[in-house]
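Undergrad: Prediction below, plus the sequence it came from.
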Amino acid sequence: MREELVAAVERALRVLLQEASAGEELPAFSLEVSRHPDHGDFACNAALVLAKRLRRPPRELAGRLAELLTATPGPVARAEVAGPGFVNLWLAGSRWQALISDLLARPEQYGRSDRLGGRKVQVEFLSANPTGPISIGHGRQAVLGDCIARLLEAVGGKVTREYYFNNGGRQMRMLGASVRARYLELLGRAAPPPEDALSDDSLPWPAEVGGLPVEFPRDGYRGEYIREIAARLREEYGDGLLEEPPDGRFRSEAERLVFEEIRATAAALGIHFDVFYNEMSLYQEGKLDEALADLRRQDLVYEAEGATWLRATRLGQDRDRVLVKASGEPTYLLPDVAYHREKFRRGFELVIDVQGADHYGQFPFVRAAAAALGCDAERIELVMHQMVSLTMGGQQVRQSKRAGTFVTVDEVLQQIGPDVFRFFMIQRRPDSHLDFDLDLARETDWTKNPAYYVQYAHARSCGVEREAERRGVALPQASEVDAGRLALPEEIELLRKLGEFPELVERAAETREPHHVAYYLREVAGLWNPYLQDGKRHRILSEDAELTRARLGLCRAVQGVLRSGLSLLGMSAPERM
């Protein structure tokens, strides 16, 4: 349908060019789906882009374009000039009705395309170091990354989902020390530190109980999950870990158990990762030294104040950045740069990093340095998401992983399930703050909970089909539907909305914004649920066989689009609710 419309506009433009003796080269124009039915089905900017070339007022050209588009029978039923020179276009009703055949003939393919042509795309997301369960903030990132991957697959991308983590460094040593202290408590060999001794601004608190020295780090991890890890280690090893140093076996065992939980949580959300990439491998394989040496050869590295710096100002950044501290320990920047070069060496043609807002300042430096190492900076993207606040009973819940006062994804999933969690996490723009209202998410009334509102629209469609089968009415094939019987304004509006789906998917994939799908599904459900509610005006199963087949066809079309859209969000499409 869009192709027909583009062809019609091109024919009209050729006439305009001939009238003005302005050559045959057609201008590049756009056709945008109108946001409101009162403004037509599409808006075209062809007159605006042609006005300068023809030296004529845009609105004058738009008026002539509107005349040409409606002069003969075709896809355009009505055209009006709008604004500074746009042309709003209304398609003939039959054009929308013809969508039914396309939808019913290939419901699984409708909305999918080969726009990316099999390009290899890496989407890196979640990427939390294994220091504890997945928090609500990382839960948003997990869902966002997975939905972006699903969208890219829908438009022909060959997507790899990747989890990048670091199991070394101070945070992991602190995890091991915290688990060791709780482990010794459970064995009765140590007492817990006094609460007022736990702070983030001083050295570890030393204690000695039963002749065994214990250091419980003041800025260690205090969550209940630390005790749970210690309890599991006690079950597995008894007192066999007593002599282990804090940064040895305790750290590795804690990492193993935390990663088990992270993988289980991801699986509960319907997320799988193709690759788990350990930052430590970059150290072990010499990739950091290699990257540093290559930057140094380009005179992009210098020494100052005992540290090694990236000459980032030479790469267009506002300041230089430290690559290696005076202590000899690399900053986060150096392994990030080496990691991104490895991404391209592994054959990815597009690299998408899904990260929290706290990484925003780092990304330009990573991108610039990676470009200096030969990577195409235009193919490195950052999808940044803002933080998540959790509210219960109208009050915001304060969260801190280190203090152990955070709510985990697992705890929320136990209350609302993965479908509701995913919908709530994806229904806002990634770069906007998300207020997760747990009370609303717990709401089981489908008219109040937006996730259930969409799923219920699908379930009701399935219910219509079951009733048809119960009455012995066969579900129609595409060739059996006379879509011309769908003549009510609300039916045309439904068809118009279904017709937006392919472009909606492409736009959401291109902008890396899955929330467009969530909004769209709510709009479809907002048209379909009221349609079914009005049983008198919109009776689907009736004595009129042709009308019954047409409305059953509409029902199946709505059902297919809802199912496809829910799949893009990683949600189930229930047949009963």
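TA: Looks like it came in fine. Numbering: from 1, shown residues only.
Undergrad: Can you check the pLDDT for Pro193?
TA: pLDDT recorded at Pro193 is 53.
Undergrad: go on, Ser21?
TA: You'll see Ser21 listed with a pLDDT of 87.
Undergrad: Then Ala62?
TA: For Ala62, pLDDT reads 94.
Undergrad: I figured it hits Phe86, correct?
TA: Yes: with contact defined as C-beta atoms under 8 Å, Ala62 and Phe86 form a contacting pair (6.8 Å). The C-beta positions use only the backbone N, C-alpha and C, and glycine is treated the same way.
Undergrad: shared neighbours of those two, which are they?
TA: Both Ala62 and Phe86 are in contact with 47-48, where contact means C-beta atoms under 8 Å, 6 or more residues apart in numbering.
Undergrad: And these two? Which one has more around it.
TA: Set Ala62 next to Phe86 and count neighbours by other C-beta atoms under 10 Å: Ala62 wins out with 27 against 22.
Undergrad: Not counting its neighbours along the chain, what's nearest the more buried one?
TA: Ala47 (3.8 Å; C-beta to C-beta, 6 or more residues apart in numbering).
Undergrad: got a pLDDT number for the one you found?
TA: In this model, Ala47 is scored at 94, pLDDT.
Undergrad: Could you give the number of residues near it?
TA: 29.
Undergrad: Just list the residues touching it, thanks.
TA: Ala47 touches 58-59, 61-62, 65, 85-87, counting by C-beta under 8 Å, 6+ apart.
Undergrad: tell me which element Trp528 is part of?
TA: Element membership for Trp528, per DSSP states H and E: helix 515-533.
Undergrad: List the buried residues for that helix?
TA: If you call a residue buried by 16 or more other C-beta atoms under 10 Å, then helix 515-533 has these buried ones: 515-518, 520-522, 524-525, 527-529, 531-532.
Undergrad: For Leu89, see how far away the residue nearest to Ala62 is.
TA: As for Ala47, its distance to Leu89 is 12 Å (criterion: C-beta to C-beta, to the nearest Å).
Undergrad: ditto for Pro27
TA: 17 Å.
Undergrad: ok, those two, which is more surrounded?
TA: Leu89 (26 against 18).
Undergrad: The more buried one and Ala483, how far apart?
TA: From Leu89 over to Ala483 (counting by C-beta to C-beta), the distance is 20 Å.
Undergrad: same question, Trp446
TA: Using C-beta to C-beta, we find Trp446 at a distance of 29 Å from Ala483.
Undergrad: more crowded one of those two?
TA: Ala483 (24 against 19).
Undergrad: Below-threshold pLDDT in the stretch 51-200 of the chain: ranges please.
TA: 93-94, 189-200 (pLDDT under 70).
Undergrad: Quick one, grab the pLDDT at Gly40.
TA: Note for Gly40: predicted pLDDT of 85.
Undergrad: Pull the contacting residues for it.
TA: Contacts of Gly40 by C-beta under 8 Å, 6+ apart are 34, 78-80, 88-90.
Undergrad: Show the average pLDDT along stretch 355-373.
TA: pLDDT averaged over stretch 355-373 gives 93.
Undergrad: which element is Ala509 on?
TA: Using DSSP H and E, Ala509 maps to helix 501-511.
Undergrad: picking up where we left off before, nearest to Ala573 among the buried residues of helix 515-533?
TA: Leu521 (10.5 Å; C-beta to C-beta).
Undergrad: That closest one and Ala20, how far apart?
TA: From Leu521 across to Ala20, the span is 45 Å (C-beta to C-beta).
Undergrad: got it, and Ala357?
TA: 51 Å.
Undergrad: Let me know the closest of the buried residues of helix 515-533 to Trp96.
TA: Using C-beta to C-beta, Leu527 is the member of the buried residues of helix 515-533 that sits closest to Trp96, with 13.2 Å.
Undergrad: residues in contact with that closest one?
TA: Contacts of Leu527 by C-beta under 8 Å, 6+ apart are 490, 493-494, 497.
Undergrad: Now with 10 Å, please.
TA: For Leu527, the contact set (C-beta atoms under 10 Å, 6 or more residues apart in numbering) comprises 457, 490-491, 493-498, 558.
Undergrad: And for Pro73?
TA: Contacts of Pro73 by C-beta under 10 Å, 6+ apart are Ala92.
Undergrad: hmm, back to that, hey, what's in contact with both of Ala47 and Leu89?
TA: Counting by C-beta under 10 Å, 6+ apart, the residues touching both Ala47 and Leu89 are 65-66.
Undergrad: Helices of the stretch 401-550 of the chain, residue ranges please.
TA: 409-426, 438-442, 450-470, 489-499, 501-511, 515-533, 545-568 (DSSP state H, counting those that start in this stretch).
Undergrad: Please identify which of the ones you listed is closest to Ile352.
TA: Using C-beta to C-beta, the helices of the stretch 401-550 of the chain put helix 501-511 closest to Ile352, at 11.0 Å.
Undergrad: could you give the angle of the closest one to helix 545-568?
TA: 10 degrees (axes from the mean of the first three to the mean of the last three C-alpha atoms, to 10 degrees).
Undergrad: packing partners for helix 501-511?
TA: strand 31-33, helix 99-105, helix 136-154, helix 515-533, helix 545-568 (3 or more C-beta pairs under 10 Å, 6 or more residues apart in numbering; DSSP states H and E).
Undergrad: In CSV, list the C-alpha atoms belonging to it.
TA: Extracted as CSV, the C-alpha positions of helix 501-511 are listed here (Å, rounded to 0.1, in the frame of the first residue of the first chain):
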residue,chain,number,x,y,z
PHE,A,501,2.4,-2.0,12.3
PRO,A,502,5.1,-2.7,9.8
GLU,A,503,6.4,0.9,9.8
LEU,A,504,6.0,1.0,13.6
VAL,A,505,8.3,-2.0,13.9
GLU,A,506,10.9,-0.5,11.6
ARG,A,507,10.8,2.8,13.4
ALA,A,508,11.2,1.2,16.8
ALA,A,509,14.1,-0.9,15.6
GLU,A,510,15.8,2.0,13.9
THR,A,511,15.5,4.3,16.9
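Undergrad: List the buried residues for it?
TA: Buried residues in helix 501-511 (16+ other C-beta under 10 Å): 501-502, 504-509.
Undergrad: Out of these, flag the one nearest to Tyr225.
TA: For the buried residues of helix 501-511, the nearest to Tyr225 is Ala508 (35.3 Å; C-beta to C-beta).
Undergrad: Identify the residues contacting the closest one.
TA: Per C-beta under 10 Å, 6+ apart, neighbours of Ala508: 147-148, 150-152, 154-155, 514-520, 565, 568.
Undergrad: Ala338: which of the residues you listed is nearest?
TA: Taking C-beta to C-beta as the measure, Ala338 lies nearest Ile148 of the contacts of Ala508, at 24.2 Å.
Undergrad: show me the contacts for the residue nearest to Met1 when sequence neighbours are not counted.
TA: Nearest residue to Met1 in three dimensions, chain neighbours excluded: Arg95, at 5.6 Å (C-beta to C-beta, 6+ apart). For Arg95, the contacting residues are 1, 4-5, 41, 74-77, 495-496, 499, by C-beta under 10 Å, 6+ apart.
Undergrad: thinking again about what came up before, and Gln396, which of the helices and strands packed on helix 501-511 is closest to it?
TA: So among the helices and strands packed on helix 501-511, helix 136-154 is nearest, using C-beta to C-beta, at 11.8 Å.
Undergrad: I'd like the distance from the closest one to the chain centre, please.
TA: 4 Å (C-alpha atoms, centre = their mean, to the nearest Å).
Undergrad: who does whichever helix or strand comes after it touch, helix- and strand-wise?
TA: Sequence-wise, the next helix or strand downstream of helix 136-154 (DSSP H and E) is strand 158-165. Judged by 3+ C-beta pairs under 10 Å, 6+ apart, the packing partners of strand 158-165 are strand 120-124, helix 136-154, helix 249-268, strand 275-278, helix 333-345, strand 350-356.
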